[in-house]
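Visitor: pasting the sequence and the predicted coordinates here, then a few questions.
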Amino acid sequence: MVKNILSAGFFLFVPCILFAQSPAKSDTTKVYKLNPITVTATKTETPRSLVSPSISVIPADEINANPEKSIFSLISQEVPGVFVTEKDVLGFGINTPSGQISIRGIGGSPNNEVLTLIDGRPQYMGWYGHPIDDAYLSTNIERIEVIRGPASMLYGSNAMGGVINIITHSSQQNGLEGNASVSYGSYDAQQYGMHLGYQENDWNVLGSFTHEHTDGSRPWSEYTANSGYLKTSYQLSEQYRVALDGSYTQFNTFDPGQTTKLDTNNWIHVQRGYIGASVENDFGASKGGISFVYNLGHNEFSPIDQNFNWISNDHQIIATAYQTLNMFTCNTINAGIDVQQNGGNASNTLRNFGKHSIEDYAGYVSVQQIFFDRLLANAGIRYAYNTYFGDIAIPQAGITYKLTEETNLRASVARGYRAPQIFEIYQLTPRDGTLQPENLWNYEIGVSHQFGNCASIDVAGYVIDAQNTIFDNWPLQSWNTGGFHRDGVECSAQLLPFDCFTINANYSFTDKPDVARGIMPKHKAYIGGEYRYNILTFLLSAQYVNTIYGTDQTDYMLKQLPDYTNMEIRVAAQVAEKISLSIGSRNILNESYQTIYGYPMPGRTYNIGIKAGI
């Protein structure tokens, strides 16, 4: 492993020494990359260095530099403390651990302890309560923000482990803009994307379409997906802006099963969509908005492996309102209300599970105050009433101290929770008659330092104490099992030694990788570099994963998987003003590895692509 990491480091640094010439980036751009503005942790625009929870930002240029890669694969590499399981070159599917998102080892099975948002609004299945990774394709994404740690005070249930906020793109200037891309790779992996936007003064409209397909690296693992997205907004006045958006995704795939328990013709058909509307206001000293979103889905599974011709329909209705107020200098008050209904119906050959819904009503308030231009303190509380289990209070508090102009210290304590999902109540049977919400306390401290305009580093340590964790014993019962304790460390660094060269690195450690709340390695390290020379861009990265566990479906025991190093390389050429070509390879060491027990990942793979703008 050490040899592989040293090799990656050598190839990252040599180009910068040989070629120290490229179009320069402004210092403003560098400062933003090292200390970006975030909105997810506070619902207001705040520099990352002033936020007490740990938060990571993946900007548009990094997303665009990896067009063949799922956004969740990118998050798994570039964000410390986050791990996402995979099973093939494209597609995650459903009904397997593939696509399971864990933040600090919190994820759940199914994956309902991490909340996924689109533009700040929750997006997950109403029946099972988990996101479907294949419903989030990257054609229209501007940036991704990840809160590492509970965010239930602002976002409620399912934000117990953290939040992934996918922020969509909007046209920035009058006229027509857009692009189209095509890529082809190993195992007949095909990706076609189109993005088109138009703005005329106060009106903005954007649409995108994505198609993905692969034959899969194993028999009976084919995957095909189509996804469309549309958003429009209008600036009514200086104070008010309205927006409408929606998406629809349909995918068909096959689950070949574990190598010790092979399946044939185990098909899965999924349809997901949503429509949303929002009204935002900005009065200078006060900003806020109201929003509505309706999520819906239809799922069908083959009769194999206890699915028994599964058919389900689910929905999620969410209405929110929030407002921030700066009453006096250095003070911000944020208050909001959320109303949510999760519902659906499900059946298989053996049983009709009926039609059910659960409602949740919540309000929250938080206060932030800056003292002496150095100390920022914040505290807030959420009170929620759930029609199944009753009420719960969720507090959160933190401080950030500016030790020097370059160094910030932070500390926070937060409670997170997850409400019992419909399937745990009406599909499984609560063994003790009822279920209580899962909840945990997260305590963390951190320090960040910026070295001028050329580098930054962030280190965080955390302690997690969880209670009332829910165990789902498929296909029979569910019950609260008690809790667990977990400690961990995360660090990330960004280096901009020259205008032409960027290095990102991160490392995370958790002391209990075998606790079955989420699949999380004990050690996870990543280093990636981007070098630009004239029309060429070179990208090289390496990820090392140590001590990871998976469940063997033949005996349902946790078993340790082999450690691995996954190296990737990509070269892109800007052959014309708005045309670029690229070629890349993943797993260039051709390692045999798996992130899910019994689902071997492909060996060395290749892809080529072209992107053209208008």
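Guide: Good, I have the coordinates.
Visitor: relative to residue 322, how far out is the spatially most central residue of the chain?
Guide: Note on the chain: the residue nearest the mean C-alpha position is residue 164, at 3.8 Å, using C-alpha atoms, centre = their mean. Residue 164 sits 19 Å away from residue 322, going by C-beta to C-beta, to the nearest Å. The C-beta positions use only the backbone N, C-alpha and C, and glycine is treated the same way.
Visitor: quick one: residues contacting residue 80.
Guide: 56, 148, 490, 491, 492, 506, 507, 508, 524 (C-beta atoms under 8 Å, 6 or more residues apart in numbering).
Visitor: excluding chain neighbours, what is closest to the fifth one?
Guide: Of all residues not flanking residue 492 in the chain, residue 506 sits nearest, at 4.1 Å (C-beta to C-beta, 6 or more residues apart in numbering).
Visitor: was I right about that neighbour contacting residue 494?
Guide: No: with contact defined as C-beta atoms under 8 Å, residue 506 does not count as touching residue 494 (9.4 Å).
Visitor: show me which of these two is the more surrounded one.
Guide: residue 506 (23 against 20; other C-beta atoms under 10 Å).
Visitor: and the pLDDT at the more buried one?
Guide: Per-residue pLDDT puts residue 506 at 98.
Visitor: hey, where'd the helices end up in this protein?
Guide: Using DSSP state H, the helices found in the chain span residues 2-18, 27-34, 60-64, 71-78, 152-155, 422.
Visitor: contacts only, for the residue nearest to residue 492.
Guide: 78, 79, 80, 490, 491, 492, 493, 525, 526.
Visitor: hmm, try it at 6 Å
Guide: 80, 492, 526 (C-beta atoms under 6 Å, 6 or more residues apart in numbering).
Visitor: mind checking which of those are in strands?
Guide: 492, 526 (DSSP state E).
Visitor: closest to residue 422 out of the contacts of residue 506?
Guide: Using C-beta to C-beta, residue 80 is the member of the contacts of residue 506 that lies nearest residue 422, at 33.2 Å.
Visitor: and the pLDDT for the nearest residue to residue 273 once chain neighbours are set aside?
Guide: In space, and not counting its chain neighbours, residue 273 is closest to residue 248: 4.2 Å by C-beta to C-beta, 6+ apart. On pLDDT, residue 248 comes in at 95.
Visitor: phi, psi of residue 98?
Guide: Dihedral pair for residue 98: phi -60, psi 130, per degrees, to the nearest 10.
Visitor: residue 309 contacts residue 303, correct?
Guide: Yes: counting by C-beta atoms under 6 Å, residue 309 touches residue 303, with 4.7 Å between them.
Visitor: re earlier: among the contacts of residue 80, the buried ones, what's the PyMOL command?
Guide: Paste this into PyMOL to select the buried members of the contacts of residue 80, with burial taken from 16 or more other C-beta atoms under 10 Å:
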select buried, resi 56+148+490+491+492+506+507+508+524
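Visitor: what separation do you get for the residue nearest to residue 273 and residue 453?
Guide: On the measure of C-beta to C-beta, residue 248 and residue 453 end up 43 Å apart.
Visitor: kindly report the same for residue 186.
Guide: 40 Å.
Visitor: contacts only, for residue 104.
Guide: 81, 488.
Visitor: now with 10 Å, please.
Guide: 54, 80-83, 114, 148-150, 161-162, 440, 442, 444, 460, 462, 464, 486-488, 490, 508, 510, 517-518, 520 (C-beta atoms under 10 Å, 6 or more residues apart in numbering).
Visitor: okay, and the beta partners of residue 462?
Guide: Counting by DSSP bridges, residue 462 is bridged to residue 444, residue 488.
Visitor: the chain should start at 45 in everything you say after this.
Guide: New numbering, starting at 45: the last item is residue 506.
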